[in-house]
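S.K.: no sequence on this one, just coordinates:
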């Protein structure tokens, strides 16, 4: 009996229900693939340092201890074998060959120069700190004591004297003084064959006016020769005035000529 709109009706009178598609029409359910067999879990390596509590292992880990025992034994064996082996001796490093320094020669040269400068400073510089200047050689000055009247006190010297009478206010006297100084330097150094045969000197007429007047160089006389005047003495005796060039070379050549004549010495 089927209820429809308030009337009970037999089921056959009702329109047949749509038959569902048979179960065979459904796509067959995919069969699940059998579960892959899981690879057995690797036994956990034992900890490097096992913690001990009160000197005993934990009671709830007997199986794990048993499972890791073989690997632990292997590690112990490896440690023992490694300890038994002697460590490899390290090869000594070969020292690198020293490269020649380019600046070695420069340093040597500079040090040598420094030594030479120090030696020169010690030799040339006195204790006062100033460098020694070579002492200029000048013709000696003569005074009244060097003469006896108009004769030079030769003290046994048989050679010749050339004496210049000059004055500081005379500009032309500088040339004569330089000529005498140059010849004196040669005579002292024995750089000429006139050494021991000729001597030179000079008289400052600004200090010895009477001596210059006595020899007729200065004074009120009209015959005064004036400055500069060079006189020649042999064995102390006055021979006359020098009338050659007022240079060192001129004086030397004049004296050589006199020596050749036999008039330079007595």
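M.R.: Received it, and whenever you're ready, just let me know what you need. Owing to the predicted nature of the structure, the values given are computational and were not obtained by experimental measurement.

S.K.: all contacts plus neighbour counts: C-alpha atoms, from now on.
M.R.: OK.

S.K.: where in this protein is pLDDT low?
M.R.: Counting by pLDDT under 70, the chain contains low-confidence ranges at 1-103, 124-134.

S.K.: quick one, strands of it?
M.R.: 2-4, 7-9, 147-148, 151-152, 160-166, 198-204, 229-234, 237-241 (DSSP state E).

S.K.: pick the most deeply packed of those.
M.R.: Mean neighbour count, computed with mean count of other C-alpha atoms under 10 Å, is highest for strand 160-166 among the strands of the chain, reaching a mean of 25.

S.K.: pull the residues that contact stretch 231-246.
M.R.: Here stretch 231-246 makes contact (C-alpha atoms under 8 Å, 6 or more residues apart in numbering) with 150-154, 156-164, 175-176, 179, 229-230, 250-251, 254, 264-266.

S.K.: and that stretch, end to end?
M.R.: 12 Å (C-alpha to C-alpha, to the nearest Å).

S.K.: mind listing what residue 154 touches?
M.R.: 235, 236.

S.K.: how close does residue 165 sit to residue 207?
M.R.: Using C-alpha to C-alpha, residue 165 is found at 11 Å from residue 207.

S.K.: buried residues in stretch 184-195?
M.R.: For stretch 184-195, a neighbour-count test (16 or more other C-alpha atoms under 10 Å) marks 184, 185, 186, 187, 194 as buried.

S.K.: which one of those sits closest to residue 223?
M.R.: residue 184 (30.0 Å; C-alpha to C-alpha).

S.K.: contacting residues around the nearest residue to that closest one once chain neighbours are set aside?
M.R.: Closest residue in space to residue 184, ignoring its immediate chain neighbours: residue 139 at 5.7 Å, by C-alpha to C-alpha, 6 or more residues apart in numbering. By C-alpha under 8 Å, 6+ apart, the contact set of residue 139 is 177, 180, 181, 184, 200, 201, 202.

S.K.: equivalent analysis for residue 224, please.
M.R.: Counting by C-alpha under 8 Å, 6+ apart, residue 224 has contacts 216, 217, 218.

S.K.: ok, residue 254 next?
M.R.: Counting by C-alpha under 8 Å, 6+ apart, residue 254 touches residue 244.

S.K.: can you check the one 5 residues further on too?
M.R.: Under the criterion of C-alpha under 8 Å, 6+ apart, the contact list for residue 259 reads residue 265.

S.K.: in the sheet, who's paired with the residue nearest to residue 229 when sequence neighbours are not counted?
M.R.: Once flanking residues are discounted, residue 229 sits nearest to residue 165: 5.2 Å by C-alpha to C-alpha, 6+ apart. Note on residue 165: beta-bridge partners by DSSP bridges are residue 203, residue 229.

S.K.: my guess is residue 165 contacts residue 225. True?
M.R.: No. In this structure, residue 165 is not within contact of residue 225 by C-alpha atoms under 8 Å, at 10.1 Å.

S.K.: let's have the contacts of residue 224 in CSV, adding neighbour count and distance to residue 144.
M.R.: As requested, those are exported to CSV (neighbours: other C-alpha atoms under 10 Å; distance: C-alpha to C-alpha, whole Å):
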residue, neighbour count, distance to residue 144
216, 17, 15
217, 23, 15
218, 24, 15
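
S.K.: can you tell me how far the residue nearest to residue 140 when sequence neighbours are not counted is from residue 220?
M.R.: Residue nearest to residue 140 in three dimensions, not counting chain neighbours: residue 201, with 5.1 Å by C-alpha to C-alpha, 6+ apart. Going from residue 201 to residue 220 by C-alpha to C-alpha gives 25 Å.

S.K.: residues contacting the closest residue to residue 225 other than its chain neighbours?
M.R.: Closest residue to residue 225 apart from its sequence neighbours, by C-alpha to C-alpha, 6+ apart: residue 217 at 4.8 Å. Residues in contact with residue 217, defined by C-alpha under 8 Å, 6+ apart, are 165, 224, 225, 226, 227, 229.
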